[in-house]
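In: requesting a structural model of the entry that follows:
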Amino acid sequence: MVDFACGYPIKQALPPEVSRVAQTAAKTIMSWLRIMCLNRGNQRRKLRRSAEDWACVFNAALVADQTGAMQENMMRAGMAWPPERHCEDGEAVVGPISTWTEVESARVMLCHLQLGWELELYLPHEFCMVCRYSDYLLEVAVSGSRLLLAASYPARKKAKSAVAQRRLEDLQMEITVMQIHRIAYQAFVRLLAGLRLAALMPSEDNFHNTEEQRFEQRFNFLQLLCRPEPMIYEHYHMTMDTGSHKAEH
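Out: Numbers count the residues shown, from 1 in each chain. Predicted coordinates:
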C-alpha cells in the first residue's frame, strides 16, 4: 500500500505512524475483498458502511505523511511531491498516502453508487443527481491519481525492473479508463438535463419530498468520509441550473 501510494518502495524501517496506516489500510482492503465476494445487494450495503473505515485510514494517513521519516524517504527517492496544499481554516496538509486514500475512498463509494444502477434502485428523478455525483467522485479520483503519477514518475522512470515499468503503464491506463467513465457520466448528465428542460422527465410535483431532501437522503452517508469532501446540494443545484435556456424540439 505504501509503495502504491508513494511511488517507491520504502527500504528503511517504517516509523510507527506509517506502520499504523499500512495496517489500517490492509484491514480495510481485506474487508473490501470480502465484500466483493458477496451478492450485489450485500455489497452495496456493506460498501456504504465502509465509509467510516476509509475515514479512519485517511486520518492515520495524514499523520504518517507529516512524519520526518516519511519526508526523508521522499527526498531520498527523488519524489517530486507538489508544494503543500492548505485548505481554508488551516486544514491539514494532504500528502501522498492521504491522496492515495482519498482516491481509493472515491472509487469505493463510486462502486456503491454504480451497484444502485445494477440493482435498479434509482427512480428516474434521481438519475441526474446520481450521475452528477458519480462524475464528481471520478473527478477526485482522476485528479489524485494524476498527482500521484506525476510525483512518482521520476522514481519509477529510473527503476530498471520490468515490474516498475509495468506498474507505471498500469497507472496511466487506470487514469485513462476513469477519464472515459467520467466523460460518459457527463454526457448522461447533459442528456438528462435536456430531457428535464423539455419536460420529458417526471414532474417534481409528483413526489412528496423536495429534490434537496432526496439528494440528502441519497448521499448523506458520504459525509462520514474525511475526503473526498461531500458535495453539497447547493453546488449540485448550481451546476445543474439551465438558466434561461429553452428546449429545442
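In: rest of the way, CA atoms for contacts and neighbours
Out: OK.
In: what's the offset of the strand or helix carrying Arg167 from the middle of its chain?
Out: According to DSSP states H and E, Arg167 maps onto helix 162-197. Distance, stretch centre to chain centre, for helix 162-197: 13 Å (Cα atoms, centre = their mean, to the nearest Å).
In: what are the buried residues along that helix?
Out: 164, 168, 175, 178-179, 182, 185-186, 188-189, 192-194, 196 (16 or more other Cα atoms under 10 Å).
In: with pLDDT added, can I get these in CSV?
Out: Output for the buried residues of helix 162-197, formatted as CSV (pLDDT from 0 to 100):
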residue, pLDDT
Ala164, 68
Leu168, 79
Ile175, 94
Met178, 96
Gln179, 96
Arg182, 96
Tyr185, 96
Gln186, 94
Phe188, 94
Val189, 93
Leu192, 90
Ala193, 87
Gly194, 88
Arg196, 83
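In: got any ranges where this protein has weak pLDDT?
Out: Applying pLDDT under 70 to the chain flags residues 1-14, 77-93, 153-161, 164, 203-207, 242-249.
In: and the helices in it, which stretches?
Out: Counting by DSSP state H, the chain has these helices, from start to end: 2-6, 16-35, 40-49, 51-65, 68-76, 96-118, 127-158, 162-197, 211-219, 233-239.
In: and these: which comes nearest Leu225?
Out: Among the helices of the chain, the nearest to Leu225 by Cα to Cα is helix 51-65 (4.9 Å).
In: now that closest one against helix 68-76, angle please.
Out: Interaxial angle of helix 51-65 relative to helix 68-76 (axes from the mean of the first three to the mean of the last three Cα atoms, to 10 degrees): 70 degrees.
In: ok so, going back, what's the closest of the buried residues of helix 162-197 to Met238?
Out: Each of these was checked against Met238 using Cα to Cα; the closest is Ala193, at 12.6 Å.
In: from memory the closest one sits against Met240, does it?
Out: Yes: assessed by Cα atoms under 8 Å, Ala193 is found in contact with Met240 at 7.2 Å.
In: how close does the residue nearest the centre of the chain sit to Glu211?
Out: By Cα atoms, centre = their mean, the mean C-alpha position of the chain lies nearest to Ala106, the distance being 1.8 Å. With distances taken as Cα to Cα, to the nearest Å, Ala106 is found 23 Å from Glu211.
In: for Leu113, same thing?
Out: Distance, Leu113 to Glu211, using Cα to Cα: 18 Å.
In: ok so, going back, relative to helix 127-158, how tilted is the helix holding Arg167?
Out: Angle of helix 162-197 versus helix 127-158, following the same axes, to 10 degrees, is 160 degrees.
In: picking up where we left off before, can you list the buried residues of helix 162-197 in a markdown table and add distance to Arg40?
Out: Shown next, in a markdown table, are the buried residues of helix 162-197 (distance: Cα to Cα, whole Å):
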| residue | distance to Arg40 |
| --- | --- |
| Ala164 | 34 |
| Leu168 | 32 |
| Ile175 | 25 |
| Met178 | 22 |
| Gln179 | 25 |
| Arg182 | 23 |
| Tyr185 | 21 |
| Gln186 | 25 |
| Phe188 | 23 |
| Val189 | 25 |
| Leu192 | 26 |
| Ala193 | 29 |
| Gly194 | 31 |
| Arg196 | 30 |
